[in-house]
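> sequence first, then the predicted structure:
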Amino acid sequence: MVKVDWEKFCTLQHIEYLKTTASLARGYINIHCPFCGDTDRSYHLGLHKSGRWTCYRDPIGHKGSDPRRIIMRLIGCNYEQANSYVQDDVVELSDFDEASSEFMLNDNKPIQHGKLEFPTEFLRLRSNRGRARMYLNYLISRGFKTYEVSRVTHRYDLHYCDKGMWRGRIIIPIQINGKLLSWTGRTVYDTEELRYRSLSHKKDAEPQGLVNVRDLLFNYDNVTKEHYHVCVIVEGPLDVMKVDYYGHRYGICAVGTFGTGIREAQLDLLDLIREKCDILVVCGDQNAEANVMDILSATRDINVQNLPLPNNVKDPGELNKKQVITLFGDL
Ligand SMILES: [Zn+2]
């Protein structure tokens, strides 16, 4: 096992990097991804002190466990020269790469340009005609106004599906830096027990999600596209849509963790959100104090506040526009 002092390396080579207290505490810094090229100038490639590196935009194609490969690419040198920046050492494996650890196994032949696309049976949820109406009505049943739904489906690029295993679900894409990494489908049927079906990231899944949804944050791209005053961390995609849709014109945005707790890879994404937002708050479901405590303790180095819901509201997905603005607008 090898390790690299990335900060020293980047300073020496005049490579711009981003570090936060939190990222440094977990042992990595962020740089532009040299494989993504000039199309994306955000700092979305993490360099870990263990030598591993992962691009959030293409966590399959642009990642590796050999630091010499990225050094060669960054400064245009050969393997021998790259080796001079690397110290041989035995370090503990960090869980920074939990998100892509499954793909690390066949690191020598990475799946080039891992690409995920919607199957043709996924249709854009736009017009109120035919079968689409049932899916739009579901959003209305969850509290959105009839005149709001088309803007909601537009902001989150919602689709729907009427056949196969995704039938009867609103498809919610999960993107990081413009790249589709996975999706989850919310059933519109009361009788269906599995409320959310998420794309599997396991090898035999067809299609295969590029990343486990639990390692992603829903709505990351909207949140990092501009500056927001408050970013609210909630559990489910509907919680996100309520807070974010009603709040975004008032400096309030939201991201979703797809369940309770928060995983290491999600913390890495939160570090990047921290750079853009003034205040991070966690807003848990009613009676979910344990979950909130988990998130607060995992995020203590990036200063996340707790903001409980009013007593009569069960989860953030139940909030109406006025409540969203009152609750988060005064922070
Ligand atoms: Zn990349």
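The structure has been received and is ready for your questions.
> and Tyr28, how many neighbours does it have?
27 (other CB atoms under 10 Å). Bear in mind the C-beta positions are built from the backbone N, C-alpha and C, glycine included.
> over to the one 10 residues further on?
The number of residues packed near Asp38 is 7, by other CB under 10 Å.
> name the element the residue lying closest to Tyr160 once chain neighbours are set aside belongs to?
Using CB to CB, 6 or more residues apart in numbering and skipping the chain neighbours, the partner closest in space to Tyr160 is Tyr135 (4.2 Å). In the assignment (DSSP states H and E), Tyr135 maps to helix 132-141.
> re the thing from before, per-residue pLDDT, the residue nearest to Tyr160?
Looking at Tyr135, its pLDDT stands at 96.
> so who does it touch?
Applying CB atoms under 8 Å, 6 or more residues apart in numbering to Tyr135 gives the contacts 125, 158, 160, 170, 188.
> repeat that with 7 Å
125, 160, 170, 188 (CB atoms under 7 Å, 6 or more residues apart in numbering).
> quick check: His159 touching Arg169?
No. Between His159 and Arg169 there is no contact under CB atoms under 7 Å: 9.2 Å.
> residue in the stretch 201-331 of the chain nearest to the ion?
Leu210 (12.3 Å; CB to the ion).
> that residue touches Lys115, doesn't it?
No. Counting by CB under 7 Å, Leu210 sits too far from Lys115 to count as a contact (8.2 Å).
> who's more crowded, those two?
Comparing Leu210 with Lys115 by neighbour count (other CB under 10 Å), the higher total belongs to Leu210, at 25 against 13.
> which one is the residue of the stretch 151-300 of the chain found nearest the ion nearest to, not counting chain neighbours?
Among all residues of the stretch 151-300 of the chain, Asn177 sits closest to the ion, at 8.4 Å; criterion: CB to the ion. Distances taken as CB to CB, 6+ apart put Arg57 closest to Asn177, at 4.1 Å, once the chain neighbours are dropped.
> need the contact list for the one you found.
Taking CB under 7 Å, 6+ apart, we find Arg57 in contact with 33, 36, 40, 44, 176-177, 179.
> from those residues, which land in strands?
Counting by DSSP state E, those place 176, 179 in strands.
> and the contacts of Arg57, which is closest to Glu289?
Ile176 (29.8 Å; CB to CB).
> how many other residues sit next to the residue lying closest to that closest one once chain neighbours are set aside?
Distances taken as CB to CB, 6+ apart put Tyr56 closest to Ile176, at 5.0 Å, once the chain neighbours are dropped. Using other CB under 10 Å, Tyr56 has 29 neighbouring residues.
> over to the one 10 residues further on?
Asp66 is flanked by 17 other residues according to other CB under 10 Å.
> what parts of the protein come near the ion?
Within the chain, the positions lying close to the ion (CB under 5 Å from the ion) are 33, 35-36, 55, 57-58, 62.
> I'd like the residues you listed as TSV, with pLDDT appended.
Below are those laid out as TSV (pLDDT from 0 to 100):
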residue	pLDDT
Cys33	91
Phe35	89
Cys36	87
Cys55	88
Arg57	83
Asp58	83
His62	88
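> does Asp58 count as helix, strand or coil?
Put simply, Asp58 is coil when judged by DSSP: H, G, I helix; E, B strand; the rest coil.
> isn't it right up against Leu180?
No. If you go by CB under 7 Å, Asp58 and Leu180 don't touch, sitting 11.2 Å apart.
> same drill for those two, tell me which one is more crowded.
Per other CB under 10 Å, whichever of Asp58 and Leu180 has more neighbours is Asp58, with 25 against 17.
> return the residues in contact with the more buried one.
Applying CB under 7 Å, 6+ apart, the residues contacting Asp58 are 35-36, 114, 179.
> one more pass at 8 Å, please.
By CB under 8 Å, 6+ apart, the residues touching Asp58 are 33, 35-36, 113-114, 179.
> how about Phe35?
55, 58, 61-62, 73.
> what's the closest of the residues you listed to Lys8?
Arg73 (18.3 Å).
> surely that closest one touches Pro34?
Yes. Between Arg73 and Pro34 there is a contact at 4.9 Å, judged by CB atoms under 8 Å.
> just to revisit the earlier point, which SS class is the nearest residue to the residue of the stretch 201-331 of the chain closest to the ion once chain neighbours are set aside?
Among residues not flanking Leu210 along the chain, Leu181 sits closest, at 4.5 Å (CB to CB, 6+ apart). At Leu181, secondary structure determined by three-state DSSP is strand.
> when you give positions from now on, start the count at 10
Done: numbering now begins at 10, and the last item shifts to Leu190.
> measure Leu190 to Cys64 for me?
For Leu190, the distance to Cys64 (CB to CB, to the nearest Å) stands at 11 Å.
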